[in-house]
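Q: heads up, no residue letters with this:
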């Protein structure tokens, strides 16, 4: 057991101020809790993490719900989650089908999230407080892809912001790994994200390009 | 068909606990005593993170109100950027995004200064998904986007700055400058850029194209196809907050 403290940063640009108002509805709380792996994990989301205060966007649970809202509703035709539609549509389905348990921990400051065996995904403080709302949706998709059977299979390229030569990259776009899923989700969010602002979409574009430029051993040769 | 779920088994040892501390907003406005202007900056940053059918409209309205204050607002935003702690990455990014959106030619200088600023060493060396250098680079590529927009408006200084930063030591910043100048620059500036890239043996940057998301390879399917009868539909997105 670890104890951690955190000074909550500004909730404006991250999207938490506004998403927070929307998710404060029992219908959404129930849906997210039962759909995205929270169910059965109350003990982890208690004790300061927001279980008893799930509308408070200073706390992790509400911020996770904000990410879930973006994941669920950012396609204008969100009810179509067919795998033949863009990942903006089926990202929520992929997360739903691959994350059985979503648990929060303080973490040691070296990761945003980690994928464990058996459908378990752990999220750490950085997930809630350094990622913007669509960025949290991207992280859930990234970790779901690991659950879907794709580990990272290469080292980061020379000059990568993630550390030249370190493990944790994907070999190529065609490998269809976690970085590709995350970047593609951000790309679609930038191109067609609904119920959001051009600023958050631009943020998604910048993050998507950063991933494309730095997280593949072989650069895909295109950008957003 | 039910998915296997863990139960709410009580813990023998406790889970992690968290205590949070809050602050109102991150800005100090030490250089600006104009409270209305300061409030407009905060409002515009707030509206960036909007959600809902009217999110963009509200954001545009806030930007418009800020733009009405004239280019003097750039100094206030740039001063706030400099005053923020280094690790307030998202807040710093939001101010750069404001500089970009206001689209004043006078923004070339602060944007260029932000791009040229030294990127501090990585603070999370052991991580593969957390990177303070990545956050710094996103701030700078957003500033490049500001120069690109001004270049498209015909601001010569923006094109000169893009040309200068095309030699930046960070790949993503070079790539963004090259793409931006090739799309918006004059023929003369494009010629200079090609010469620079040839000298640096970086002509490969010209081959990286900005494309439509529909034209890139998409993932093939998922692992499962959930039968419709067991699929739980999401509620509509606009229910509003629960009344206490």
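A: Noted; the coordinates are in hand. Fair warning: this is a prediction, and the values are worked out from it, not measured in the lab. Numbering: from 1, shown residues only, chains lettered A, B, ... in the order given.
Q: From here on, just use CA atoms for contacts and neighbour counts.
A: Will do.
Q: Surely residue B:157 is in contact with residue B:107?
A: No: counting by C-alpha atoms under 8 Å, residue B:157 stays clear of residue B:107, with 10.1 Å between them.
Q: more crowded one of these two?
A: More crowded of residue B:157 and residue B:107, by other C-alpha atoms under 10 Å in any protein chain shown: residue B:107, with 23 against 17.
Q: where does that one land on pLDDT?
A: pLDDT, residue B:107: 98.
Q: Is it in contact with residue B:74, as I believe?
A: Yes: applying C-alpha under 8 Å, one finds residue B:107 in contact with residue B:74, separated by 6.8 Å.
Q: Need the overlap of contacts for the two.
A: residue B:99 (C-alpha atoms under 8 Å, 6 or more residues apart in numbering or on different chains).
Q: Could you list the buried residues of stretch B:199-210?
A: By neighbour count on 16 or more other C-alpha atoms under 10 Å in any protein chain shown, the buried set for stretch B:199-210 is B:203, B:205, B:208.
Q: Nearest the geometric middle of chain A, what residue?
A: residue A:139 (2.5 Å; C-alpha atoms, centre = their mean).
Q: Roughly how far does that residue sit from chain B?
A: Using C-alpha to the nearest C-alpha, to the nearest Å, residue A:139 is found at 9 Å from chain B.
Q: Does that residue lie in a helix or a strand, and which?
A: Element membership for residue A:139, per DSSP states H and E: helix A:133-147.
Q: Check which helices and strands the helix or strand hosting residue B:57 is in contact with.
A: If you go by DSSP H and E, residue B:57 is part of helix B:55-67. In this structure, helix B:55-67 packs against helix B:35-48, helix B:89-102, with contacts taken as 3 or more C-alpha pairs under 8 Å, 6 or more residues apart in numbering or on different chains; DSSP states H and E.
Q: quick one: which of the buried residues of stretch B:199-210 sit in strands?
A: Among those, no member falls in strands (criterion: DSSP state E).
Q: okay if I get the residues you listed as JSON lines plus distance to residue B:238 and pLDDT?
A: Output for those, formatted as JSON lines (distance: C-alpha to C-alpha, whole Å; pLDDT from 0 to 100):
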{"residue": "B:203", "distance to residue B:238": "49", "pLDDT": "96"}
{"residue": "B:205", "distance to residue B:238": "44", "pLDDT": "97"}
{"residue": "B:208", "distance to residue B:238": "40", "pLDDT": "97"}
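Q: for the chain, what spans make up the helices?
A: No chain in the question, so chain A it is. A:16-23, A:26-35, A:42-45, A:60-73, A:87-98, A:125-129, A:133-147, A:178-192, A:198-214 (DSSP state H).
Q: let's do chain B instead
A: B:35-48, B:55-67, B:73-83, B:89-102, B:108-116, B:132-152, B:156-165, B:171-184, B:187-199.
Q: is it possible to export those to a markdown table including distance to residue A:114?
A: Converted to a markdown table, those look like this (distance: least, C-alpha to C-alpha, whole Å):
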| stretch | distance to residue A:114 |
| --- | --- |
| helix B:35-48 | 29 |
| helix B:55-67 | 32 |
| helix B:73-83 | 32 |
| helix B:89-102 | 22 |
| helix B:108-116 | 32 |
| helix B:132-152 | 18 |
| helix B:156-165 | 36 |
| helix B:171-184 | 26 |
| helix B:187-199 | 40 |
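Q: closest one to residue B:22 among these?
A: Closest to residue B:22 of the helices of chain B is helix B:89-102 (C-alpha to C-alpha; 15.0 Å).
Q: Could I get the buried residue list for the closest one?
A: Judged by neighbour count (16+ other C-alpha under 10 Å), helix B:89-102 contains these buried residues: B:89-102.
Q: closest point of chain B to chain A, which residue?
A: For chain B and chain A, the shortest gap (C-alpha to the nearest C-alpha) falls at residue B:49, measuring 3.6 Å.
Q: which regions of chain A lie under the pLDDT threshold?
A: Chain A contains residues with pLDDT under 70 at A:9-13.
Q: Can you list the strands that the longest strand along it pairs with?
A: For chain A, the longest strand by residue count, based on DSSP E, is strand A:3-8. Neighbouring strands of strand A:3-8 in its sheet, by DSSP bridges, are strand B:17-22 (parallel).
Q: Could you report the neighbour count for residue B:74?
A: Neighbour number of residue B:74 under other C-alpha under 10 Å is 20.
Q: tell me which residues of the helix or strand of chain B with the lowest mean pLDDT are tucked away?
A: Lowest by mean pLDDT, DSSP states H and E among the helices and strands of chain B is strand B:17-22, with a mean of 79. The neighbour-count criterion (16+ other C-alpha under 10 Å) identifies B:17, B:18 as the buried residues of strand B:17-22.
Q: ok, the residue lying closest to residue A:36 once chain neighbours are set aside to chain B distance?
A: Closest residue to residue A:36 apart from its sequence neighbours, by C-alpha to C-alpha, 6 or more residues apart in numbering or on different chains: residue A:96 at 5.3 Å. To chain B, residue A:96 is 10 Å away according to C-alpha to the nearest C-alpha.
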